[in-house]
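quick one, structure for this:
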Amino acid sequence: MLPPAKKAFHQPYSFFIEGPVGEERPRRFLEIFAAILKHSNYRFLLDIYSRLAAKCGRCSVMCPVYEATGDPKDVPCHRSELLLRVYRRHFSLGGMLYGKVFGSGFLTDAEIDAMAEAFYRCTACRRCNLECPMGIDHGLITRLGRYILSEMGIVPKALVVAVREQLQGPTRNTSAIPERALVDSCEFLEEEIRDAKGVDVKFPLNVADAEYIFFAPVSDYLMEADTLMGNAAVLHAAGVSWTVGTGYFDAINYGLFYNDHLLGRIARQLVEEARRLRSRKILIGECGHASRAAKIFVPNFCGGEQAPPVVNCLELAWKLIEEGRLKLNPQAISQRVTYHDPCNIARNGWIVDPPRRIIKSFIRNFVEMSPRGVQNYCCGGGGGTVSVDEIRKFRTGVGGKRKAEQLRATGAEIVIAPCANCKKQLREIIQDHGLAMEVKGLHDLIFTALDLKNPGSYPGIDP
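Here you go, the predicted model:
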């Protein structure tokens with residue numbers, strides 16, 4: 001266990017699992033770092049980054065955590081320097097010669113503590129990358145630091161427990177939902193759709209040769225019924241061929257947050273299920289990190305061009321609207337609505353315009369946050385920290401402070417957040433900051449506005 005004298009988030013490291021103790025920790029850290037450098041392509045980037053002046057501080061103007069605390073330790077380049085300094089000293093020729101000559105500068109136990117705290121204060125939103133004049137990816141360095149720490153056992157319990165169930169548990173999903181419970185949930189949702197819309201809409205299970213195999217964040221089956229009903233309604237109304245596999249059905253990939261090895265293993269499970277059912281494409285539900293993990297790492301870990309293409313449900317919904325296969329009632333939503341860009345799908349410009357085009361096609365009272373899109377602020381629970389309930393005060397009061405200000409400034413009654421983690425974090429921000437609004441998925445509102453008996457009957461609004 002990390003020494004209780006070291007405080008993280010103004011409390012002991014009680015939310016980490018145990019790692020090595022005493023003098024063994026620096027040695028173990030360096031052994032793991034060396035192995036990762038040998039068996040990955042991190043060395044090339046670190047060699048470049050370590051030669052640059054990663055200390056100018058321009059990234060500070062983009063970091064919501066630093067904006068809230070004003071603490072120099074929260075400046076992204078300061079945090080990155082913690083790891084880059086270790087790389088220079090122990091893995092560069094100049095650093096190793098320096099150590100032999102002067103016998104100093106070795107990694108210490110206190111420096112490991114400092115990295116553990118710093119890397120989990122970061123939301124890994126990568127907003128700082130937009131301002132770095134040297135092009136340093138501070139979010140990537142944060143993830144590498146977490147990777148090294150996780151291999152020596154220093155990692156939040158919440159992330160470990162979820163991934164362990166996903167990879168080793170009998171249910172193979174982060175919420176430990178048995179197959180029978182999934183089937184029951186789908187049957188319940190079918191009944192809810194029938195009661196609400198008067199139409200039979202199925203959640204097709206284990207259908208072979210469908211165009212899309214659908215993976216939602218498994219927590220949606222417990223907490224986001226309207227989002228899932230919206231997904232099913234869209235696919236039904238447009239006549240899309242799709243299925244849900246019961247062999248593996250969780251889009252969540254927490255490996256993205258702290259361990260590349262686990263990230264790859266989870267990504268391969270998506271592909272294995274798609275191949276089992278001979279599905280041609282992977283469709284990811286409303287989840288930012290799950291979409292990014294699948295979009296980028298399914299090709300990287302699962303066969304490159306031979307891997308199934310990955311599509312986010314927002315991309316598909318807009319395509320169906322654009323093709324005239326889906327129209328929404330412009331009178332269905334009267335509230336003032338704003339939209340939150342999940343970092344994992346918006347920061348690199350991947351999914352920014354499609355959700356707005358969908359919104360503007362049927363919602364008249366829409367207001368943007370400022371800034372928006374690529375520059376939008378993280379919800380404050382990014383990088384998997386939303387799963388760590390022990391640091392809620394930090395997440396909503398520090399990491400989410402700037403987001404709360406953004407939300408309040410819109411005067412909106414509904415904030416759309418097409419991401420499972422963002423929904424949880426934003427609901428807690430709204431509660432902790434006393435905001436008068438509710439969080440919805442975009443497919444929640446689509447479900448409200450879609451007439452399944454006459455899905456093409458509305459003229460809509462020119463987006």
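
residue contacts, the nearest residue to residue 135 once chain neighbours are set aside?
Distances taken as C-beta to C-beta, 6 or more residues apart in numbering place residue 129 nearest to residue 135, at 7.8 Å, with adjacent residues excluded. The way it works is simple: take the backbone N, C-alpha and C, and place the C-beta from them, glycine included. Residues in contact with residue 129 (C-beta atoms under 8 Å, 6 or more residues apart in numbering) are 59, 135-139, 347.

report the separation between residue 176 and residue 402.
34 Å (C-beta to C-beta, to the nearest Å).

who has more neighbours out of the two?
residue 402 (18 against 15; other C-beta atoms under 10 Å).

surely that one touches residue 66?
No. Applying C-beta atoms under 8 Å as the test, residue 402 and residue 66 come out as separate, 10.1 Å apart.

ranges for the strands of the stretch 1-150 of the chain?
Using DSSP state E, counting those that start in this stretch, no strands are found in the stretch 1-150 of the chain.

wait, doesn't residue 197 sit right on residue 449?
No. The criterion here is C-beta under 8 Å, and residue 197 misses it with residue 449 at 11.4 Å.

ok, and the closest non-adjacent residue to residue 167?
residue 265 (6.0 Å).

burial measure for that neighbour, as a count.
16.

name the next helix or strand downstream of the host helix or strand of it, please.
Secondary structure assigned from DSSP states H and E places residue 265 in helix 260-276. Following helix 260-276 in sequence order, the next helix or strand is strand 281-284 (DSSP H and E).

roughly how far is that following strand from the heart of the chain?
Distance of strand 281-284 from the chain centroid (C-alpha atoms, centre = their mean, to the nearest Å) equals 16 Å.

pLDDT on that strand, on average?
Per-region confidence: strand 281-284 scores 98 on mean pLDDT.

separation between the closest residue to residue 130 other than its chain neighbours and residue 240?
Of all residues not flanking residue 130 in the chain, residue 62 sits nearest, at 5.9 Å (C-beta to C-beta, 6+ apart). Using C-beta to C-beta, one gets 39 Å for the distance from residue 62 to residue 240.

show me where pLDDT drops low in this protein?
1-14, 18-23, 53-54, 103, 455-463 (pLDDT under 70).

care to break it down by domain?
Per automatic domain parsing, the domain ranges recorded for the chain read 24-155, 179-322, 337-449.

the stretch 251-400 of the chain: helices as residue ranges?
255-258, 260-276, 288-301, 313-322, 343-346, 353-360, 392-394 (DSSP state H, counting those that start in this stretch).

let me have the ones you listed in JSON lines, adding distance to residue 148 as columns.
Putting the helices of the stretch 251-400 of the chain into JSON lines (distance: least, C-beta to C-beta, whole Å) gives the following:
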{"stretch": "helix 255-258", "distance to residue 148": "10"}
{"stretch": "helix 260-276", "distance to residue 148": "11"}
{"stretch": "helix 288-301", "distance to residue 148": "19"}
{"stretch": "helix 313-322", "distance to residue 148": "34"}
{"stretch": "helix 343-346", "distance to residue 148": "22"}
{"stretch": "helix 353-360", "distance to residue 148": "36"}
{"stretch": "helix 392-394", "distance to residue 148": "23"}
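
so what secondary structure elements neighbour the helix holding residue 265?
helix 157-168, strand 212-215, helix 255-258, strand 281-284, helix 288-301 (3 or more C-beta pairs under 8 Å, 6 or more residues apart in numbering; DSSP states H and E).

again, only using 7 Å
Judged by 3 or more C-beta pairs under 7 Å, 6 or more residues apart in numbering; DSSP states H and E, the packing partners of helix 260-276 are helix 157-168, strand 212-215, helix 255-258, helix 288-301.

can I get those in a markdown table with mean neighbour count?
Formatted as a markdown table, the helices and strands packed on helix 260-276 follow (neighbours: other C-beta atoms under 10 Å):
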| stretch | mean neighbour count |
| --- | --- |
| helix 157-168 | 18 |
| strand 212-215 | 26 |
| helix 255-258 | 26 |
| helix 288-301 | 23 |
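
find the residue at the geometric middle of this structure.
residue 289 (2.5 Å; C-alpha atoms, centre = their mean).

so what's it up against?
Contact analysis of residue 289 by C-beta atoms under 7 Å, 6 or more residues apart in numbering lists 253, 256, 344, 421.

which ones are touching residue 240?
With the criterion set at C-beta under 7 Å, 6+ apart, residue 240 makes contact with 211-212.

just checking, it is part of a helix?
No. Checked against DSSP: H, G, I helix; E, B strand; the rest coil, residue 240 lies outside a helix; its state is coil.

got the phi/psi numbers for it?
The phi and psi values for residue 240, taken as degrees, to the nearest 10, are phi -80, psi 140.

contacts for the longest helix anywhere in the chain next, please.
Using DSSP state H, we find that the single longest helix of the chain is helix 179-197. Identification of contacts with helix 179-197 by C-beta under 7 Å, 6+ apart yields 200-203, 205, 221, 225, 228-229, 232-233, 244, 246, 249, 452.

where's residue 67 relative to residue 402, distance?
Where residue 402 is concerned, residue 67 sits at a distance of 6 Å (C-beta to C-beta).

equivalent analysis for residue 316, please.
31 Å.

which SS state does the spatially closest residue to residue 369 that is not a sequence neighbour fall under?
Nearest residue to residue 369, sequence neighbours excluded (C-beta to C-beta, 6+ apart): residue 406, at 4.7 Å. With three-state DSSP as the basis, the three-state label of residue 406 is helix.

run a quick neighbour tally on residue 406.
Neighbours of residue 406 using other C-beta under 10 Å come to 21.

is it true that it touches residue 377?
Yes. Between residue 406 and residue 377 there is a contact under C-beta atoms under 7 Å: 5.8 Å.
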